[in-house]
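Q: from the sequence below, what's the structure:
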Amino acid sequence: MPLDELDRRLLDAIQSEFPVESRPFKSFGDRFSISEDEALDRIRRFQRDGAIREISPVFDLKRLGYSSTLCSAETEPDRVEEVAEAINAYSEVTHNYLRQHAFNIWFTLIARTPEDIRRILDEIGALPGVKRVISLPSRRMFKIDVHFQTGAKKETGHAAKVLPEDTGAVVPLQDWEMRLISSLGEPLPLIERPFAAVAEHAGITETDVLDRLAAWKISGAIRRFGARVAHHKLGYAANGMSVWRVSDSEAEAAGQIMAKQPEVSHCYLREMPPGWDYNLYGMIHGTTEDEVRAVAARISELTGLRDYDVLFSIREFKKSVPRYFKERQAAPL
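A: Numbers count the residues shown, from 1 in each chain. The predicted structure follows:
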């Protein structure tokens, strides 16, 4: 989509620097020497044209007491459509992709308990056309930094941001805080005082919302507050999930090297179940598949890892935001 220089600067800023204050779009206006109305109009256009999906917080789901896993279903090619549709029907499934591999359907599960995850996987494994289902829970997160630059040089994330070992405990939440988190699962309304609308939806005050969001950002319960972009609209036409086999003794060093690559948005060490040969994962974004392969080759040289593959996305079946505490959810904003 066509973007002028101000569009690019604004789009870069709203991905990770969204102001948690009463009139955030005025803050953007002041920053870029434009009016609040112009800032709002530009961001509304980004959403209308599909460059951004929504503006919302990214929570650390473990801090909220949730469980998650990456999964794959080896599915007969002629049953892919119906299996993908059945998987999409689970509200606990947030992402679902068709990738180039015998394990062809890849999806993310986020649920209240590990038992819920096991139950859903058993149900999916019993679907007609599904040969095997594997679950690949995270052992170590090295990077999650989905920031797509809009300039001529296409990079994702930030090169030096490597996450430490996760030692965060579950955050104790009162009922009103759960209602707030549920309300924040809806896209932030693009109006002058969006947090006042969130507060009304959750039955609390705007001050409550702003204070709690600030505290959660400081504690790490919120990883990022910003726009979720449609990367293909910004020129990132190819994305490949690189999968690597690494020994436990090499995993930390290899994960840190991979996480420092600016084209890598996600990097995880995961469990390696029987029948699957890889345990280190890096999501690589680029303008072409050849560009993605070149990044994987660079990572191979830097880490010394030679046993790897790149699974390119063929089709997006589902991409949604986790809806936490949905039992406390009110009508949409």
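Q: what sits against residue 25?
A: Neighbour list for residue 25: 36, 39-40, 43, 190, 192 [criterion: CB atoms under 8 Å, 6 or more residues apart in numbering]. (C-beta placed from N, C-alpha, C; glycine too.)
Q: ok, it to residue 222 distance?
A: Residue 25 sits at a distance of 20 Å from residue 222 (criterion: CB to CB, to the nearest Å).
Q: could you do residue 58 as well?
A: Residue 58 is 7 Å from residue 222, by CB to CB.
Q: looking at the two, which one has more neighbours?
A: Counted by other CB atoms under 10 Å, residue 58 and residue 222 do not tie: residue 222 has more neighbours, with 21 against 16.
Q: so what's the more buried one bridging to?
A: Taking DSSP bridges as the rule, residue 222 bridges to residue 59.
Q: where in the stretch 101-250 of the chain is pLDDT low?
A: Counting by pLDDT under 70, the ranges of the stretch 101-250 of the chain that qualify are 146-167, 233.
Q: quick one: the strands in it?
A: 103-111, 130-136, 138-144, 222-229, 238-244 (DSSP state E, counting those that start in this stretch).
Q: got the angle for the longest one vs strand 238-244?
A: In terms of direction (axes from the mean of the first three to the mean of the last three CA atoms, to 10 degrees), strand 103-111 departs from strand 238-244 by 90 degrees.
Q: for strand 103-111, buried residues please.
A: Judged by neighbour count using 16 or more other CB atoms under 10 Å, the buried positions of strand 103-111 are 103-111.
Q: which single one of the residues you listed is nearest to residue 10?
A: Relative to residue 10, the closest of the buried residues of strand 103-111 is residue 108; by CB to CB it sits at 29.4 Å.
Q: beta partners of the nearest residue to the closest one once chain neighbours are set aside?
A: Among residues not flanking residue 108 along the chain, residue 95 sits closest, at 4.4 Å (CB to CB, 6 or more residues apart in numbering). As for beta bridges, residue 95 partners with residue 108, residue 319 under DSSP bridges.
Q: show me which of the contacts of residue 25 are buried.
A: For the contacts of residue 25, buried by 16+ other CB under 10 Å: 36, 39-40, 43, 190.
Q: distance from stretch 110-122 to the middle of the chain?
A: 20 Å (CA atoms, centre = their mean, to the nearest Å).
Q: contacts for it, please.
A: Under CB under 8 Å, 6+ apart, the answer for stretch 110-122 is 61, 65-69, 71, 90, 92, 94, 109, 133, 135, 322.
Q: likewise stretch 10-22?
A: Taking CB under 8 Å, 6+ apart as the rule, stretch 10-22 contacts 3, 24, 27-28, 31-32, 39, 42-43, 46, 51-52, 55, 146-150, 193, 195-196, 206, 210, 213-214, 217, 224-227, 229, 234.
Q: redo that, cut-off 6 Å
A: For stretch 10-22, the surrounding residues in contact (CB atoms under 6 Å, 6 or more residues apart in numbering) are 27, 42, 147, 150, 193, 210, 213-214, 224-227.
Q: which of those residues sits closest to residue 173?
A: Distances from residue 173 to the contacts of stretch 10-22, taken by CB to CB, are shortest for residue 213, at 13.6 Å.
Q: okay, now the closest one: neighbour count?
A: Residue 213, neighbours per other CB under 10 Å, totals 20.
Q: leaving out sequence neighbours, find the closest residue to residue 92.
A: residue 111 (4.6 Å).
Q: distance of the closest residue to residue 223 other than its chain neighbours relative to residue 191?
A: Nearest residue to residue 223, sequence neighbours excluded (CB to CB, 6+ apart): residue 58, at 4.7 Å. According to CB to CB, residue 58 and residue 191 sit 22 Å apart.
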